[in-house]
Every structure is written in C-alpha cells, then in structure tokens.
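Q: dropping the sequence and predicted coords here.
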Amino acid sequence: MNMNKMIVSNLAHRPLRSVISIFAVAIEVTLILLIVGFALGTLNDQRARKKGIGADVIVRPPGSSNFDALSSAPVPVKIGDLIQQQLQPHVVAVTPVVVQTSNKLEILSGIDLKSFEALGGPMRYLAGGPFQGPDDLIVDEYYARTNRAHVGDKVKALDHEFRISGIVPQGRGSRSYAQITTLQALTGTDGKATMFYVKLDDPKNADAVVQNIKSIPGLENYNVKSMAEWLSLMSPDNIPLLSTFIDIVIGIAVVIGFIVIFQSMYTAVMERTREIGILKSLGASKLYVVRVILRETLVLAVAGIIVGILISFLAASAIRYKMPTAQVQFTGGWMLEAAIIAVVGSIVGATYPAFKAAQKDPIDALAYE
C-alpha cells in the first residue's frame, strides 16, 4: 500500500510529464483503433451492402479486382444472357452492372432496374420512385443525408448532371444508381458491363453453378465466386497491402509510445537520484526499485489506454458527423489488442530506466546534486 501511495505521489509531483506520457500512450491507442476501425468498418459495410443485393454468384472478367472501386466495364453485356441460357433452370436471374468511381471517390452503379430487382425484390422507396428518364439517379439514405439531397434535386457525377428520382434505404449494393445505358454512354462502354450478379433457385447450388460458369467456352478464366466465398474474402488479411499498412501504423504507434515513455522514465530516474538513494539506504532492494518504476509506468499506460479509447470514440463520432457514409467500427478484440500493445511497449520503454535506477549506489545517490 505504501508503494502505491508513493507511486501516486511521484506522478502527481510531476503533472506535466505524467500528462505527456499519458497522451503519448493515448495517441498510440487512438492510432491503432481508428486505422483498424476504419478498415474494418469499410469492409463490413461493403460486405453488408453486397449481401443485400440478393445475388448468389458474382461473375467478373479475368484479372478483375474484388473491389468495385478498382473495376471498369470490359466485358459484353450479352455474357449475362449466355449464362442464363446455359444454366437453366438453376439460374433465376442475371443482371449486368457497370461500376464507376465518381469525382468524389463515390461508387456509382449503372443498373438495369428490372433485372436488378429480380435479385432481391422491388426497391423500397423512402421518397420519390424509380427512374423516369435517362438522367435520373436513385440514391440511398446515407448519400442523401451526406449531400443534403432531396428528390428532384440536381447533382453532378462524372461531369454529368443527374436528377434524383428516388431515395432508398442503405444496404443494397451501391449508394447511388444510374440507368446502365446512361453510365455506359458516359464512360464510353456501350454494351459492356463491369460484372454480373446471378440469382439461383437455391443458394446451395452456388458452388456447382460457379464451376458450370467456368466451364462455358470463353469464361474459363473469369473471376467467378459464390457470394459466400466473396464475403469470406472481405477481411484485412485478404486485402492486398491492407494488413501490411495496419502493421506499419501499429509499428509507428508503438515507437511513439516507446520513445516518450523511455524519455519520461529515464528523466524521472535522473531527477530522483537522491530519492532512490534514500530508498536503498533504508533497505530497499534492487527489485523493489524496479517494481516502483515499472508500476508507475503501468499506471501511466492504463490511464493512457482509457484516454485513448475515449478519444477514439469521440473521433469516430466526429468522422461520422462530417461524413455519414464513413464507417468506423471498434471491436472488443482490437481494443484488447491495442491495450496489450500499449502496455508492453510502455513496460519495454521503462525497463532500462528501471534497471538503471536499481543499479545506483546508495552513497553516490545521496551525494547527487
């Protein structure tokens, strides 16, 4: 108990250094949680919206990316008709989609509304209704909220003016939809599609249909996946360079925490040389001195973790307020991992100062000015 009181007194006696150390750990935790939370949130959001389309199989051309944002429209629309004709009666519906990234890095999907609705049922409109003309746009509620858009408003995408004809609930693929023929004309891809969504009579037939599609002459090398397989691939470990990027961010965060804790505890040891000498002259062992320094570090780390988690939630709220379409998700697993990383980094940073303090000679320490 006396040790705990001494630790609290030491930290309170040097409030500025303690606050700096706490915020260094907090920044470490915040960096980890926000970067990972943004990555997980974006992936999980895309997974949920893709699942909401209602397709059982996704067909993409050879060498295409699983990410819509990295796709174009390189294959003929008639491939969809070929799939439906070849695989009757298992194929209930096939719809072509053109995917294009707009100037604001938003995904715009060109769809044939009738066949698109054959996948997951009719669109449910919160306001307005389906396309009325070639320049109409259907957007989801997040898009409308972010852009403060209403039915009848004019919006620009791909340097083209669209009129919002309807607003639908989010969670069904893209956040904005144009007529496929309009998007084909705007992107110079007449008669072409980015991908095809396939609806089956029974989702259990998905794996067999995937193999059957690949056996169709000309489609052997196509990127064909069941929706279940595609969903399983949407994790940081399966996204090129994403896991590496996360590791780099974590590494930078650990270095920040390590350097600040090391500097803080090393300076504290130098300033408290006489105190350490008094402790050792009163019979304190080397282990006791090490424990004091490491416990102080642990208190700073725990305080930093709590502050970091609070800052992360506040930052996530601010991000969602400014960009409602942005998804930041925190999981208990990653909070625990961030806490462990922060504690280990802090303890490692304090280890050398702690042992340096323990090695001080009581007589020299008492004579230190």
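A: Nice, I can see it.

Q: for the stretch 1-150 of the chain, what spans make up the strands?
A: In order along the chain, the stretch 1-150 of the chain carries the following strands (DSSP state E, counting those that start in this stretch): 57-60, 75-76, 91-101, 107-111, 127-128, 136-140.

Q: in its sheet, what does the third one sit against?
A: Pointing back at strand 91-101 there. Looking at strand 91-101 with DSSP bridges, its paired strands and their directions are strand 107-111 (antiparallel), strand 195-200 (antiparallel).

Q: check contacts around V224.
A: Going by C-beta atoms under 8 Å, 6 or more residues apart in numbering, V224 touches V57, I58, V59, R60, V210, I213, K214. In short, each C-beta sits where N, CA and C put it, glycine included.

Q: if I look at it, how far off is L310?
A: Between V224 and L310 the computed distance is 46 Å (C-beta to C-beta, to the nearest Å).

Q: just G332 next, same as before
A: 16 Å.

Q: where's G349 relative to I32, distance?
A: G349 is 16 Å from I32, by C-beta to C-beta.

Q: please enumerate the helices of the protein.
A: For the chain, the helices identified by DSSP state H occupy 2-13, 15-51, 78-86, 113-120, 141-147, 180-187, 206-214, 227-233, 242-271, 273-281, 286-322, 332-358, 362-366, in order along the chain.

Q: quick one: contacts for I259?
A: By C-beta under 8 Å, 6+ apart, the contact set of I259 is G349.

Q: okay, now the domains of the protein?
A: Residue ranges for the domains of the chain, per automatic domain parsing: 2-45+241-366, 62-221.

Q: so which of those comes closest to S235?
A: Smallest distance to S235 across the domains of the chain (C-beta to C-beta): 6.7 Å, for domain 2-45+241-366.

Q: give me the mean pLDDT for that closest one.
A: Confidence over domain 2-45+241-366, taken as the mean pLDDT, stands at 77.

Q: centre of the chain to that domain, how far?
A: Here the centre of domain 2-45+241-366 is set off from its chain's centre by 24 Å, with C-alpha atoms, centre = their mean, to the nearest Å.

Q: what's the mean pLDDT across stretch 94-114?
A: Averaging pLDDT along stretch 94-114 gives 83.

Q: not counting its neighbours along the chain, what's nearest Q327?
A: Counting by C-beta to C-beta, 6 or more residues apart in numbering, Q327 lies nearest to G41, which is 3.3 Å off, once chain neighbours are set aside.

Q: buried sites along stretch 156-164?
A: Along stretch 156-164, these residues count as buried under the neighbour rule (16 or more other C-beta atoms under 10 Å): A157, H160, F162, R163, I164.

Q: what sits opposite the first one in the beta ladder?
A: It stands for A157. H160.

Q: and it, what's its pLDDT?
A: In the predicted model, A157 carries a pLDDT score of 86.

Q: next: the third one.
A: Residue-level confidence at F162 comes out at 94, pLDDT.

Q: help me confirm that it comes into contact with L137.
A: Yes - F162 lies in contact with L137 (C-beta atoms under 8 Å); the separation is 3.9 Å.

Q: any shared contact partners between those two?
A: Looking at what touches both F162 and L137 (by C-beta under 8 Å, 6+ apart), the common residues are V155, A178.

Q: turn the strands paired with strand 91-101 into TSV, including mean neighbour count and distance to T182.
A: Putting the strands paired with strand 91-101 into TSV (neighbours: other C-beta atoms under 10 Å; distance: least, C-beta to C-beta, whole Å) gives the following:
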stretch	mean neighbour count	distance to T182
strand 107-111	23	7
strand 195-200	24	18
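
Q: which among these is found nearest to Q85?
A: Closest to Q85 of those is strand 195-200 (C-beta to C-beta; 12.7 Å).

Q: just want the angle from the closest one to helix 113-120.
A: If you take axes from the mean of the first three to the mean of the last three C-alpha atoms, to 10 degrees, strand 195-200 sits at 50 degrees to helix 113-120.

Q: send me strand 195-200 as CSV with only the CA atoms.
A: Taking Å, rounded to 0.1, in the frame of the first residue of the first chain, the C-alpha atoms of strand 195-200 are listed here in CSV:
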residue,chain,number,x,y,z
MET,A,195,-19.8,-7.6,-63.5
PHE,A,196,-22.8,-9.8,-63.4
TYR,A,197,-24.9,-10.8,-60.4
VAL,A,198,-26.6,-14.2,-60.6
LYS,A,199,-29.6,-15.3,-58.6
LEU,A,200,-30.1,-19.0,-58.2
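
Q: and that strand with helix 15-51, angle?
A: 60 degrees.

Q: give me the mean pLDDT for strand 195-200.
A: If you average the pLDDT over strand 195-200, you get 93.

Q: need the residues that contact that strand.
A: Outside of strand 195-200, the residues that reach it under the criterion C-beta under 8 Å, 6+ apart are 53-61, 64, 71, 79-80, 83, 90-97, 99, 116, 118-119, 206, 209, 213.

Q: narrow these to those that are buried.
A: With burial judged by 16+ other C-beta under 10 Å, the buried subset of these is 53-61, 64, 71, 79-80, 83, 90-91, 93-97, 99, 116, 118-119, 206, 209, 213.

Q: end to end on stretch 134-150, go ahead and measure it.
A: With C-alpha to C-alpha, to the nearest Å as the measure, stretch 134-150 spans 18 Å from end to end.

Q: how far away is the residue nearest the centre of the chain from V299?
A: For the chain, the residue lying nearest the average C-alpha position, counting by C-alpha atoms, centre = their mean, turns out to be A39 (1.3 Å). When distance is defined by C-beta to C-beta, A39 is 31 Å away from V299.

Q: can you pull the contacts of K78?
A: By C-beta under 8 Å, 6+ apart, K78 lies in contact with G191.
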